[in-house]
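> Next come a sequence and a model predicted from it.
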Amino acid sequence: MPDSAADLFLPAGAASAQRCAACGAITSELSGDAECTACGGLFEIVHATPDAHGAALLALFGLRCGMKPGSEPSGVWRYKELVMPSAADPVSHPEGNTPLLGRASVRTFARSASLLLKHEGHNPTGSFKDRGMTVAVTQAKRIGARAVACASTGNTSASLAAYAAHAGIPALVFVPRGQIAIGKLAQSIAYGARTLLVDGDFDDCLRLAREASRELGVYLVNSINPWRVEGQKTILFEMLQQLGYDAPDWIALPAGNLGNTSAFGKALREAFALGLIAKMPRLLAVQAAGAAPFARSFAAHFATHEPVLADTLATAIKIGDPASWDRAVRAITETNGVVTSATDDEILEAKAVIDASGVGCEPASAASVAGVRQLRERGIIGEHERVVAVLTGHVLKDPGIIQRYHQETEPPPARANRPIEISATVAEVERVLSLP
(Lines give C-alpha, C1' and ligand atoms only; values in the text may rest on other atoms or scores of the structure.)
Protein backbone atom coordinates (compact mmCIF):
# COMPACT_ATOMS: atom_id res chain seq x y z
CA MET A 1 0.00 0.00 0.00
CA PRO A 2 1.21 3.57 -0.67
CA ASP A 3 2.35 5.57 2.33
CA SER A 4 -0.15 7.65 4.28
CA ALA A 5 0.17 11.40 4.78
CA ALA A 6 1.41 10.72 8.32
CA ASP A 7 4.30 8.69 6.89
CA LEU A 8 5.29 11.26 4.27
CA PHE A 9 4.81 14.60 6.02
CA LEU A 10 5.81 16.28 9.28
CA PRO A 11 3.17 17.50 11.76
CA ALA A 12 1.18 20.55 10.67
CA GLY A 13 3.00 23.79 11.41
CA ALA A 14 6.48 22.22 11.48
CA ALA A 15 9.32 23.58 9.35
CA SER A 16 10.46 21.58 6.34
CA ALA A 17 13.53 19.42 6.89
CA GLN A 18 16.08 17.37 4.97
CA ARG A 19 15.97 13.67 5.83
CA CYS A 20 18.57 11.11 4.81
CA ALA A 21 16.90 8.45 2.69
CA ALA A 22 19.48 5.89 3.89
CA CYS A 23 19.75 6.36 7.67
CA GLY A 24 16.86 8.67 8.47
CA ALA A 25 19.00 11.42 10.01
CA ILE A 26 17.25 14.81 10.03
CA THR A 27 18.95 18.12 9.29
CA SER A 28 17.70 21.68 8.92
CA GLU A 29 16.06 22.77 5.68
CA LEU A 30 18.70 25.53 5.56
CA SER A 31 21.65 23.14 5.54
CA GLY A 32 23.84 23.38 2.44
CA ASP A 33 25.24 19.85 2.75
CA ALA A 34 24.94 17.85 -0.47
CA GLU A 35 24.99 14.51 1.34
CA CYS A 36 24.27 13.13 4.81
CA THR A 37 27.22 13.78 7.13
CA ALA A 38 26.36 10.66 9.13
CA CYS A 39 26.36 8.06 6.35
CA GLY A 40 26.90 9.80 3.00
CA GLY A 41 23.35 9.05 1.84
CA LEU A 42 21.16 11.38 -0.23
CA PHE A 43 18.65 13.69 1.38
CA GLU A 44 14.96 13.94 0.66
CA ILE A 45 12.78 16.86 1.68
CA VAL A 46 9.89 16.40 4.10
CA HIS A 47 7.33 19.18 4.57
CA ALA A 48 4.67 19.90 7.14
CA THR A 49 1.28 18.35 6.43
CA PRO A 50 -0.62 20.96 4.36
CA ASP A 51 -3.57 22.57 6.11
CA ALA A 52 -5.78 21.53 3.20
CA HIS A 53 -6.23 18.00 1.80
CA GLY A 54 -8.09 16.50 -1.12
CA ALA A 55 -10.62 18.80 -2.79
CA ALA A 56 -9.62 21.80 -0.67
CA LEU A 57 -5.99 21.53 -1.76
CA LEU A 58 -7.03 21.09 -5.40
CA ALA A 59 -9.14 24.24 -5.13
CA LEU A 60 -6.17 26.18 -3.72
CA PHE A 61 -3.92 25.11 -6.59
CA GLY A 62 -6.67 25.96 -9.06
CA LEU A 63 -7.06 29.51 -7.71
CA ARG A 64 -3.40 30.18 -8.41
CA CYS A 65 -3.53 28.88 -11.98
CA GLY A 66 -3.65 31.24 -14.93
CA MET A 67 -2.76 34.81 -15.73
CA LYS A 68 -5.51 36.60 -13.80
CA PRO A 69 -4.56 39.16 -11.09
CA GLY A 70 -3.44 37.45 -7.93
CA SER A 71 -2.61 34.17 -9.69
CA GLU A 72 0.81 32.50 -9.49
CA PRO A 73 2.61 32.74 -12.86
CA SER A 74 5.01 29.88 -12.06
CA GLY A 75 3.96 26.30 -12.67
CA VAL A 76 6.31 25.34 -9.84
CA TRP A 77 5.53 27.82 -7.08
CA ARG A 78 1.79 27.31 -7.59
CA TYR A 79 2.36 24.13 -5.57
CA LYS A 80 4.59 25.72 -2.93
CA GLU A 81 3.03 23.81 -0.01
CA LEU A 82 4.47 20.65 -1.58
CA VAL A 83 7.72 22.24 -2.82
CA MET A 84 9.16 24.81 -0.36
CA PRO A 85 6.46 26.20 1.94
CA SER A 86 8.78 28.68 3.68
CA ALA A 87 10.12 30.32 0.49
CA ALA A 88 9.55 34.06 0.71
CA ASP A 89 11.24 35.34 -2.44
CA PRO A 90 11.67 32.58 -5.05
CA VAL A 91 14.15 32.95 -7.89
CA SER A 92 11.62 32.42 -10.67
CA HIS A 93 11.56 33.17 -14.42
CA PRO A 94 8.64 32.00 -14.23
CA GLU A 95 8.78 28.36 -15.32
CA GLY A 96 6.39 25.48 -15.85
CA ASN A 97 2.95 25.88 -17.44
CA THR A 98 3.97 23.40 -20.14
CA PRO A 99 1.33 21.89 -22.43
CA LEU A 100 -0.21 18.45 -22.78
CA LEU A 101 -0.30 17.71 -26.50
CA GLY A 102 -2.06 15.07 -28.56
CA ARG A 103 -0.81 14.29 -32.07
CA ALA A 104 -2.42 11.62 -34.26
CA SER A 105 0.81 10.72 -36.07
CA VAL A 106 2.69 10.14 -32.81
CA ARG A 107 -0.17 8.04 -31.44
CA THR A 108 -0.14 5.92 -34.59
CA PHE A 109 3.62 5.44 -34.39
CA ALA A 110 3.49 4.49 -30.69
CA ARG A 111 0.33 2.37 -31.24
CA SER A 112 -1.24 4.14 -28.27
CA ALA A 113 -4.59 5.69 -29.14
CA SER A 114 -4.76 7.98 -26.10
CA LEU A 115 -1.10 9.03 -25.88
CA LEU A 116 -0.46 12.58 -24.68
CA LEU A 117 2.86 14.42 -24.66
CA LYS A 118 3.83 16.59 -21.67
CA HIS A 119 6.34 18.93 -23.32
CA GLU A 120 8.86 20.29 -20.81
CA GLY A 121 10.84 21.83 -23.65
CA HIS A 122 8.49 24.82 -23.28
CA ASN A 123 10.31 25.89 -20.10
CA PRO A 124 12.40 29.12 -20.19
CA THR A 125 15.76 27.52 -21.05
CA GLY A 126 14.16 24.75 -23.09
CA SER A 127 14.12 21.80 -20.65
CA PHE A 128 12.50 20.39 -17.53
CA LYS A 129 15.61 21.34 -15.55
CA ASP A 130 14.16 24.80 -14.90
CA ARG A 131 11.57 23.32 -12.56
CA GLY A 132 14.19 21.93 -10.22
CA MET A 133 16.60 24.82 -10.68
CA THR A 134 14.17 27.51 -9.54
CA VAL A 135 13.91 25.69 -6.20
CA ALA A 136 17.59 24.77 -5.84
CA VAL A 137 18.80 28.30 -6.63
CA THR A 138 16.17 29.74 -4.28
CA GLN A 139 17.69 27.52 -1.59
CA ALA A 140 21.20 28.67 -2.53
CA LYS A 141 20.09 32.27 -2.12
CA ARG A 142 18.43 31.51 1.24
CA ILE A 143 21.58 29.96 2.69
CA GLY A 144 23.92 32.60 1.27
CA ALA A 145 25.85 30.21 -0.97
CA ARG A 146 29.28 31.42 -2.14
CA ALA A 147 28.62 29.93 -5.57
CA VAL A 148 26.53 27.22 -7.22
CA ALA A 149 27.84 24.34 -9.28
CA CYS A 150 26.69 21.38 -11.34
CA ALA A 151 27.96 18.62 -13.57
CA SER A 152 26.01 18.41 -16.79
CA THR A 153 25.55 16.92 -20.21
CA GLY A 154 24.05 20.28 -21.19
CA ASN A 155 20.52 21.00 -19.98
CA THR A 156 21.39 21.34 -16.29
CA SER A 157 24.25 23.70 -17.07
CA ALA A 158 22.04 25.89 -19.26
CA SER A 159 19.37 26.07 -16.58
CA LEU A 160 21.79 26.71 -13.72
CA ALA A 161 23.54 29.45 -15.69
CA ALA A 162 20.25 31.27 -16.28
CA TYR A 163 18.90 31.00 -12.75
CA ALA A 164 22.24 31.83 -11.11
CA ALA A 165 22.44 34.96 -13.27
CA HIS A 166 18.92 35.89 -12.15
CA ALA A 167 19.91 35.39 -8.49
CA GLY A 168 23.26 37.17 -8.82
CA ILE A 169 25.23 34.10 -7.65
CA PRO A 170 28.42 32.92 -9.40
CA ALA A 171 27.95 29.63 -11.28
CA LEU A 172 30.40 26.86 -12.17
CA VAL A 173 29.32 24.22 -14.68
CA PHE A 174 31.39 21.08 -15.32
CA VAL A 175 30.72 19.57 -18.75
CA PRO A 176 32.49 16.72 -20.58
CA ARG A 177 34.62 18.24 -23.33
CA GLY A 178 33.39 17.35 -26.80
CA GLN A 179 30.28 15.58 -25.48
CA ILE A 180 27.83 18.48 -25.14
CA ALA A 181 25.45 19.65 -27.86
CA ILE A 182 26.28 23.10 -29.22
CA GLY A 183 22.84 24.52 -28.38
CA LYS A 184 23.30 23.67 -24.70
CA LEU A 185 26.91 24.80 -24.48
CA ALA A 186 25.95 28.11 -26.11
CA GLN A 187 23.31 28.72 -23.43
CA SER A 188 25.73 28.12 -20.55
CA ILE A 189 28.23 30.56 -22.04
CA ALA A 190 25.64 33.18 -22.98
CA TYR A 191 24.05 33.21 -19.51
CA GLY A 192 27.44 33.95 -17.96
CA ALA A 193 28.41 30.76 -16.14
CA ARG A 194 32.06 29.78 -15.82
CA THR A 195 31.94 26.80 -18.14
CA LEU A 196 34.60 24.19 -17.35
CA LEU A 197 35.33 21.66 -20.12
CA VAL A 198 36.49 18.52 -18.33
CA ASP A 199 38.60 15.74 -19.81
CA GLY A 200 36.23 12.86 -19.06
CA ASP A 201 32.58 11.87 -19.17
CA PHE A 202 29.59 13.02 -17.13
CA ASP A 203 30.44 10.74 -14.24
CA ASP A 204 33.91 12.33 -14.00
CA CYS A 205 32.27 15.77 -14.02
CA LEU A 206 29.90 14.84 -11.21
CA ARG A 207 32.73 13.40 -9.12
CA LEU A 208 34.67 16.64 -9.53
CA ALA A 209 31.63 18.80 -8.75
CA ARG A 210 30.97 16.82 -5.57
CA GLU A 211 34.58 17.22 -4.47
CA ALA A 212 34.40 20.96 -5.12
CA SER A 213 31.22 21.16 -3.09
CA ARG A 214 32.83 19.43 -0.11
CA GLU A 215 36.19 21.19 -0.23
CA LEU A 216 35.39 24.66 -1.57
CA GLY A 217 31.97 25.31 -0.08
CA VAL A 218 30.06 25.75 -3.33
CA TYR A 219 26.43 24.64 -3.37
CA LEU A 220 25.84 21.58 -5.57
CA VAL A 221 22.61 21.61 -7.57
CA ASN A 222 22.69 18.34 -9.49
CA SER A 223 19.67 16.05 -9.20
CA ILE A 224 21.14 14.54 -6.04
CA ASN A 225 20.16 17.89 -4.50
CA PRO A 226 16.86 17.22 -2.70
CA TRP A 227 15.41 20.63 -3.60
CA ARG A 228 15.85 19.86 -7.29
CA VAL A 229 13.60 16.85 -6.76
CA GLU A 230 10.97 19.06 -5.11
CA GLY A 231 10.81 21.29 -8.16
CA GLN A 232 10.74 18.41 -10.62
CA LYS A 233 7.79 16.88 -8.77
CA THR A 234 5.67 19.68 -10.20
CA ILE A 235 5.82 18.13 -13.68
CA LEU A 236 3.51 15.50 -12.19
CA PHE A 237 1.39 17.91 -10.14
CA GLU A 238 0.78 20.09 -13.20
CA MET A 239 0.10 17.08 -15.43
CA LEU A 240 -2.45 15.75 -12.97
CA GLN A 241 -4.10 19.16 -12.71
CA GLN A 242 -4.35 19.34 -16.50
CA LEU A 243 -6.04 15.91 -16.47
CA GLY A 244 -8.53 16.97 -13.82
CA TYR A 245 -6.67 14.71 -11.35
CA ASP A 246 -7.89 11.66 -13.28
CA ALA A 247 -4.51 9.90 -13.24
CA PRO A 248 -3.38 8.07 -16.42
CA ASP A 249 -2.50 4.40 -16.41
CA TRP A 250 1.13 5.02 -17.44
CA ILE A 251 3.64 7.87 -17.32
CA ALA A 252 6.69 7.38 -19.55
CA LEU A 253 9.90 9.36 -19.16
CA PRO A 254 13.53 9.32 -20.32
CA ALA A 255 15.96 8.07 -17.67
CA GLY A 256 19.55 9.22 -17.29
CA ASN A 257 20.72 10.29 -13.85
CA LEU A 258 17.29 9.14 -12.53
CA GLY A 259 16.39 12.46 -10.90
CA ASN A 260 13.03 12.66 -12.67
CA THR A 261 12.26 9.00 -11.96
CA SER A 262 12.86 9.73 -8.27
CA ALA A 263 10.86 12.96 -8.36
CA PHE A 264 7.91 11.35 -10.12
CA GLY A 265 7.77 8.57 -7.56
CA LYS A 266 7.81 11.06 -4.67
CA ALA A 267 5.15 13.22 -6.34
CA LEU A 268 2.83 10.25 -6.83
CA ARG A 269 3.30 9.08 -3.24
CA GLU A 270 2.39 12.52 -1.94
CA ALA A 271 -0.50 13.06 -4.35
CA PHE A 272 -2.05 9.73 -3.37
CA ALA A 273 -1.52 10.27 0.36
CA LEU A 274 -3.15 13.72 0.20
CA GLY A 275 -6.17 12.45 -1.71
CA LEU A 276 -5.34 14.29 -4.94
CA ILE A 277 -5.54 11.08 -6.99
CA ALA A 278 -7.42 7.84 -6.49
CA LYS A 279 -4.93 5.49 -8.17
CA MET A 280 -1.19 5.24 -8.74
CA PRO A 281 -0.06 5.36 -12.39
CA ARG A 282 2.72 3.01 -13.45
CA LEU A 283 6.05 4.61 -14.33
CA LEU A 284 7.93 3.63 -17.48
CA ALA A 285 11.57 4.76 -17.31
CA VAL A 286 13.36 4.51 -20.66
CA GLN A 287 17.14 4.54 -20.99
CA ALA A 288 19.31 4.62 -24.11
CA ALA A 289 20.60 1.13 -24.84
CA GLY A 290 24.19 2.38 -24.71
CA ALA A 291 23.66 3.88 -21.25
CA ALA A 292 21.28 1.44 -19.58
CA PRO A 293 22.60 0.24 -16.21
CA PHE A 294 19.24 0.84 -14.55
CA ALA A 295 17.36 -1.14 -17.22
CA ARG A 296 19.79 -4.04 -16.83
CA SER A 297 19.33 -3.94 -13.07
CA PHE A 298 15.54 -3.94 -13.46
CA ALA A 299 15.80 -7.07 -15.62
CA ALA A 300 17.66 -8.68 -12.69
CA HIS A 301 14.98 -7.53 -10.20
CA PHE A 302 17.35 -4.80 -8.99
CA ALA A 303 19.78 -7.39 -7.64
CA THR A 304 22.67 -5.68 -9.45
CA HIS A 305 24.07 -2.14 -9.56
CA GLU A 306 26.81 -2.04 -12.16
CA PRO A 307 27.90 1.20 -13.87
CA VAL A 308 28.60 1.18 -17.61
CA LEU A 309 30.68 3.28 -19.99
CA ALA A 310 27.89 5.33 -21.55
CA ASP A 311 27.68 5.55 -25.35
CA THR A 312 24.62 7.11 -26.98
CA LEU A 313 23.67 9.98 -29.27
CA ALA A 314 21.02 10.97 -26.70
CA THR A 315 23.50 13.08 -24.75
CA ALA A 316 21.02 14.24 -22.10
CA ILE A 317 20.79 10.66 -20.80
CA LYS A 318 24.37 9.64 -21.56
CA ILE A 319 25.11 8.64 -17.96
CA GLY A 320 26.74 5.38 -16.95
CA ASP A 321 26.47 5.62 -13.16
CA PRO A 322 23.17 7.32 -12.19
CA ALA A 323 23.38 9.23 -8.89
CA SER A 324 19.72 8.89 -7.85
CA TRP A 325 19.69 5.10 -8.12
CA ASP A 326 18.15 4.07 -4.78
CA ARG A 327 15.41 6.70 -4.91
CA ALA A 328 14.56 5.60 -8.46
CA VAL A 329 14.39 1.92 -7.43
CA ARG A 330 11.79 2.91 -4.85
CA ALA A 331 9.80 4.87 -7.45
CA ILE A 332 9.69 1.96 -9.89
CA THR A 333 8.94 -0.60 -7.19
CA GLU A 334 6.12 1.38 -5.56
CA THR A 335 4.38 2.16 -8.85
CA ASN A 336 4.75 -1.37 -10.26
CA GLY A 337 6.76 0.34 -12.94
CA VAL A 338 8.94 -0.88 -15.79
CA VAL A 339 12.43 0.09 -16.92
CA THR A 340 13.47 -0.55 -20.51
CA SER A 341 15.99 0.72 -23.04
CA ALA A 342 15.80 1.88 -26.65
CA THR A 343 18.55 1.85 -29.26
CA ASP A 344 19.79 5.09 -30.79
CA ASP A 345 18.06 4.14 -34.05
CA GLU A 346 14.76 3.65 -32.19
CA ILE A 347 15.17 6.96 -30.38
CA LEU A 348 16.01 8.85 -33.57
CA GLU A 349 13.06 7.34 -35.42
CA ALA A 350 10.70 8.34 -32.61
CA LYS A 351 12.25 11.82 -32.64
CA ALA A 352 11.69 12.13 -36.39
CA VAL A 353 8.02 11.28 -35.89
CA ILE A 354 7.61 13.74 -33.01
CA ASP A 355 9.44 16.46 -34.95
CA ALA A 356 7.36 15.89 -38.09
CA SER A 357 4.17 16.19 -36.04
CA GLY A 358 5.09 19.84 -35.46
CA VAL A 359 5.95 19.25 -31.81
CA GLY A 360 9.70 18.59 -31.89
CA CYS A 361 12.06 17.52 -29.10
CA GLU A 362 15.70 16.82 -28.33
CA PRO A 363 16.90 13.23 -28.89
CA ALA A 364 16.71 12.02 -25.27
CA SER A 365 13.10 13.18 -25.03
CA ALA A 366 12.05 10.79 -27.76
CA ALA A 367 13.15 7.83 -25.63
CA SER A 368 9.84 8.06 -23.77
CA VAL A 369 7.79 7.58 -26.97
CA ALA A 370 10.15 4.85 -28.21
CA GLY A 371 9.59 3.08 -24.89
CA VAL A 372 5.81 3.34 -25.17
CA ARG A 373 5.93 1.83 -28.67
CA GLN A 374 8.14 -0.98 -27.39
CA LEU A 375 5.86 -1.85 -24.47
CA ARG A 376 2.79 -1.73 -26.70
CA GLU A 377 4.47 -4.23 -29.03
CA ARG A 378 5.30 -6.45 -26.06
CA GLY A 379 1.72 -6.26 -24.78
CA ILE A 380 2.73 -4.71 -21.46
CA ILE A 381 0.84 -1.47 -22.12
CA GLY A 382 -2.73 -2.28 -23.06
CA GLU A 383 -4.43 -1.01 -26.20
CA HIS A 384 -6.87 1.17 -24.29
CA GLU A 385 -4.66 2.27 -21.42
CA ARG A 386 -4.11 6.00 -21.03
CA VAL A 387 -0.48 7.06 -21.40
CA VAL A 388 1.39 10.35 -20.94
CA ALA A 389 4.95 10.53 -22.31
CA VAL A 390 7.18 13.30 -21.02
CA LEU A 391 9.34 15.19 -23.53
CA THR A 392 12.18 16.72 -21.55
CA GLY A 393 13.84 19.15 -23.97
CA HIS A 394 13.35 21.51 -26.92
CA VAL A 395 14.00 20.52 -30.53
CA LEU A 396 16.80 23.10 -30.91
CA LYS A 397 18.83 21.77 -27.98
CA ASP A 398 20.79 19.53 -30.36
CA PRO A 399 20.59 20.88 -33.94
CA GLY A 400 23.61 18.82 -34.96
CA ILE A 401 21.68 15.56 -34.59
CA ILE A 402 18.91 16.93 -36.83
CA GLN A 403 21.38 17.84 -39.54
CA ARG A 404 23.14 14.48 -39.41
CA TYR A 405 19.91 12.47 -39.45
CA HIS A 406 18.17 14.34 -42.27
CA GLN A 407 21.08 15.52 -44.45
CA GLU A 408 24.21 13.46 -43.84
CA THR A 409 23.34 9.85 -42.92
CA GLU A 410 23.89 7.39 -45.77
CA PRO A 411 21.81 5.65 -46.80
CA PRO A 412 19.12 8.14 -45.73
CA PRO A 413 16.89 6.87 -42.91
CA ALA A 414 13.32 6.09 -43.95
CA ARG A 415 12.04 9.25 -42.25
CA ALA A 416 14.81 11.58 -43.45
CA ASN A 417 13.56 14.91 -44.85
CA ARG A 418 16.35 15.98 -47.20
CA PRO A 419 16.42 19.61 -48.36
CA ILE A 420 15.92 19.88 -52.13
CA GLU A 421 18.13 22.10 -54.28
CA ILE A 422 16.29 23.86 -57.12
CA SER A 423 16.94 26.53 -59.73
CA ALA A 424 15.04 29.81 -59.36
CA THR A 425 12.05 28.91 -61.58
CA VAL A 426 8.37 28.28 -60.96
CA ALA A 427 8.68 25.07 -62.98
CA GLU A 428 11.09 23.74 -60.36
CA VAL A 429 8.64 24.61 -57.57
CA GLU A 430 5.91 22.78 -59.49
CA ARG A 431 8.20 19.77 -59.83
CA VAL A 432 8.71 19.67 -56.08
CA LEU A 433 4.95 19.93 -55.48
CA SER A 434 4.49 16.86 -57.70
CA LEU A 435 6.90 14.70 -55.71
CA PRO A 436 5.31 11.83 -53.76
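Structure's in. What do you need?
> Next secondary structure after the helix or strand hosting Cys205?
Assigned by DSSP states H and E, Cys205 belongs to helix 202-216. Using DSSP H and E, the helix or strand that follows helix 202-216 towards the C-terminus is strand 219-220.
> Could you tell me the average pLDDT over the next helix or strand after that following strand, please?
Downstream of strand 219-220, the next assigned helix or strand under DSSP H and E is helix 226-232. For helix 226-232, mean pLDDT rounds to 96.
> Quick one: list the elements packing against helix 226-232.
With contacts taken as 3 or more Cβ pairs under 8 Å, 6 or more residues apart in numbering; DSSP states H and E, helix 226-232 sits against strand 43-46, helix 129-142, helix 259-273. Every residue, glycine included, has its C-beta placed from N, CA and C.
> List just the one of these that sits closest to Lys80.
Nearest to Lys80 among those is helix 129-142; the distance by Cβ to Cβ comes to 9.6 Å.
> Now the helix or strand just after the closest one: buried residues?
Following helix 129-142 in sequence order, the next helix or strand is strand 148-151 (DSSP H and E). For strand 148-151, burial by neighbour count (16 or more other Cβ atoms under 10 Å) applies to 148-151.
> And the contacts of the lowest-mean-pLDDT helix or strand in the chain?
The weakest-scoring helix or strand in the chain, judged by mean pLDDT, DSSP states H and E, is helix 5-8 (a mean of 76). Residues from elsewhere that reach helix 5-8 (Cβ atoms under 8 Å, 6 or more residues apart in numbering): 46, 49, 53, 269-270, 273-274.
> which of those sit farthest apart?
Farthest pair in these, by Cβ to Cβ: Val46 and His53, 16.6 Å.
> So those two - more neighbours on which side?
Val46 (17 against 14; other Cβ atoms under 10 Å).
> partner residues bridging that one?
Going by DSSP bridges, Val46 is paired in beta bridges with Ala17.
> Now do the contacts for it.
Contacts of Val46 by Cβ under 8 Å, 6+ apart are 8-10, 16-19.
> Kindly reformat those residues as JSON lines containing distance to Asp345 and neighbour count.
As requested, these are exported to JSON lines (distance: Cβ to Cβ, whole Å; neighbours: other Cβ atoms under 10 Å):
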{"residue": "Leu8", "distance to Asp345": "41", "neighbour count": "18"}
{"residue": "Phe9", "distance to Asp345": "45", "neighbour count": "20"}
{"residue": "Leu10", "distance to Asp345": "48", "neighbour count": "16"}
{"residue": "Ser16", "distance to Asp345": "45", "neighbour count": "21"}
{"residue": "Ala17", "distance to Asp345": "46", "neighbour count": "18"}
{"residue": "Gln18", "distance to Asp345": "42", "neighbour count": "20"}
{"residue": "Arg19", "distance to Asp345": "42", "neighbour count": "19"}
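> could I get those residues as TSV with distance to Leu283?
Listed next are those as TSV, based on distance: Cβ to Cβ, whole Å:
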residue	distance to Leu283
Leu8	18
Phe9	22
Leu10	26
Ser16	25
Ala17	26
Gln18	24
Arg19	22
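> which among those residues gets closest to Trp227?
Nearest to Trp227, judged by Cβ to Cβ, of the contacts of Val46 is Gln18 at 8.7 Å.
> Spatially, what comes nearest to that closest one if we skip its sequence neighbours?
Nearest residue to Gln18 in three dimensions, chain neighbours excluded: Phe43, at 4.2 Å (Cβ to Cβ, 6 or more residues apart in numbering).
> Quick check: the one you found vs Ala364, distance?
Separation of Phe43 from Ala364 (Cβ to Cβ, to the nearest Å): 26 Å.
> Between the two, point out the one with more neighbours.
Each of Phe43 and Ala364 has its neighbours counted (other Cβ under 10 Å); Ala364 has more, 32 against 25.
> What backbone torsions are found at the nearest residue to the more buried one once chain neighbours are set aside?
Among residues not flanking Ala364 along the chain, Ala316 sits closest, at 3.6 Å (Cβ to Cβ, 6+ apart). The phi/psi pair for Ala316 (degrees, to the nearest 10) reads phi -70, psi -20.
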